[in-house]
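> Take this sequence and fold it.
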Amino acid sequence: MPRVPQHPSRLRAWRFAAPLVIALTFPAPGRAKTPPPTAEIDAAQVAILRAEGADAEHYANEALLRARAALAQAQAALAARRKDDAVAQARLAAAEADYAQARSREIVLQDELARRRAEIVELRQKLDMAVAP
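Purely as a prediction, here's the structure:
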């Protein structure tokens with residue numbers, strides 16, 4: 001059975017569509033690389049700033065120092081193109097900074113609770129003195 005020739009416009013469309021389909025199906029090897037872990041490093045920096053805003057330098061200085069050291073190690077690993085190490089250190093820095101913030105907040109709230117309890121004791125004493133005469 002002889003082959004029936006196709007319409008020329010269909011052949012032209014296929015000529016342009018075939019390279020596009022191939023290019024989208026098989027991406028170039030250079031594009032398959034994973035992006036640098038800047039999101040994790042940015043998140044660690046934000047966490048450190050939050051901890052500093054919560055007075056962690058005063059209340060949880062050791063944890064804040066560990067967070068800063070881990071962030072520095074993450075940045076060094078990123079510069080050395082060790083992405084896995086950079087991600088791990090950035091996540092550690094964020095966790096240490098979150099701990100420093102939580103510890104600082106806990107200490108501030110405990111101080112506030114102690115102050116309120118002292119006020120309650122003082123008010124009770126004043127009430128007892130007013131009722132006693």
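> okay, and the helix or strand of the protein with the least pLDDT?
helix 8-25 (a mean of 58; mean pLDDT, DSSP states H and E).
> and the next element down the chain from that one?
For helix 8-25, the following helix or strand on the C-terminal side (DSSP states H and E) is helix 38-53.
> So what's the gap between that following helix and the chain middle?
6 Å (C-alpha atoms, centre = their mean, to the nearest Å).
> Outside of that helix itself, list whatever touches it.
60, 63-64, 67-68, 70-71, 74-75, 78, 86-87, 90-91, 93-94, 97-98, 100-101, 104 (C-beta atoms under 8 Å, 6 or more residues apart in numbering). (C-beta placed from N, C-alpha, C; glycine too.)
> let's see it at 10 Å
The contact list for helix 38-53 (C-beta atoms under 10 Å, 6 or more residues apart in numbering) reads 37, 56-57, 59-60, 63-64, 67-68, 70-71, 74-75, 77-78, 83, 86-105.
> what comes up buried for that helix?
40-41, 43-45, 47-48, 50-52 (16 or more other C-beta atoms under 10 Å).
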